[in-house]
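In: fold the following and give me the result.
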Amino acid sequence: MFTRRQDRTAEWWNSLSDALSDARDSAADRAHDVGGKFDDATSEAQRRAVRAWAALSGKPVRPAWPVIAAAVGAGVALGWLGAQAYRRPQIRRALASAEETAQERMQDLTMAAGERARQLKASSNSLLDKAQGRMS
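Out: Below is the predicted model of the structure:
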């Protein structure tokens, strides 16, 4: 039927056909991927063109209030969290310092009360002796 040379040519042709088919499929996949990127760029370009035309025609451009409100809300929330994180250790230190001061004052008061009690016990118990001690 076919000669050896024709068989070899047919094999090369099939091989070339398969390679070209694979190249075409690969190129189509890449074009699809790039096309998705161009779709995003195209919609961005259209949005910018519409805004430019509106600006050139004198129409006022409305600011994106929801975006601004969201940014302000996020800033307030982050500021509050930061303040809480900063203040908590300070509050704990202040409470610990106040507790130490209160304990020291209580010790001073108990020592002073104990000293007065010892002084009263050491002195005479009669009122007449106390009055005479003051007079002299």
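In: tell me the secondary structure for R62?
Out: Here R62 is coil, with the state taken from DSSP: H, G, I helix; E, B strand; the rest coil.
In: what are the ranges of the strands in the chain?
Out: Secondary structure of the chain by DSSP state E: no strands are present.
In: using the record's assignment, carve it into domains.
Out: The chain breaks down by automatic domain parsing into domains covering 1-62, 71-125.
In: make JSON lines from those domains and add mean pLDDT and mean neighbour count to it.
Out: Yep, even glycine has a C-beta here, placed from its N, CA and C like the rest. Formatted as JSON lines, the domains of the chain follow (pLDDT from 0 to 100; neighbours: other CB atoms under 10 Å):
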{"stretch": "domain 1-62", "mean pLDDT": "76", "mean neighbour count": "10"}
{"stretch": "domain 71-125", "mean pLDDT": "86", "mean neighbour count": "10"}
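In: hmm, who's touching stretch 54-72?
Out: Residues external to stretch 54-72 that are found in contact with it (CB atoms under 8 Å, 6 or more residues apart in numbering): R51.
In: what is the end-to-end distance of it?
Out: By CA to CA, to the nearest Å, the extent of stretch 54-72 from end to end equals 27 Å.
In: just give me how far it sits from the chain centre.
Out: Average the C-alpha atoms of stretch 54-72, do the same for its chain, and the two points are 27 Å apart (CA atoms, centre = their mean, to the nearest Å).
In: helices along this structure, start to end?
Out: Using DSSP state H, the helices found in the chain span residues 4-56, 65-122, 127-135.
In: quick check: phi and psi on A64?
Out: Backbone geometry at A64, expressed as degrees, to the nearest 10, gives phi -80, psi 80.
In: so who does A19 touch?
Out: Neighbour list for A19: empty [criterion: CB under 8 Å, 6+ apart].
In: now the most centrally placed residue in the chain: how far from R48?
Out: With the centre of the chain defined as its mean C-alpha position, the nearest residue by CA atoms, centre = their mean is L78, 6.4 Å away. Distance of L78 to R48, given as CB to CB, to the nearest Å: 31 Å.
In: now swap in R88 and tell me
Out: Using CB to CB, R88 is found at 47 Å from R48.
In: swap in I68?
Out: Relative to R48, I68 is positioned 20 Å away (CB to CB).
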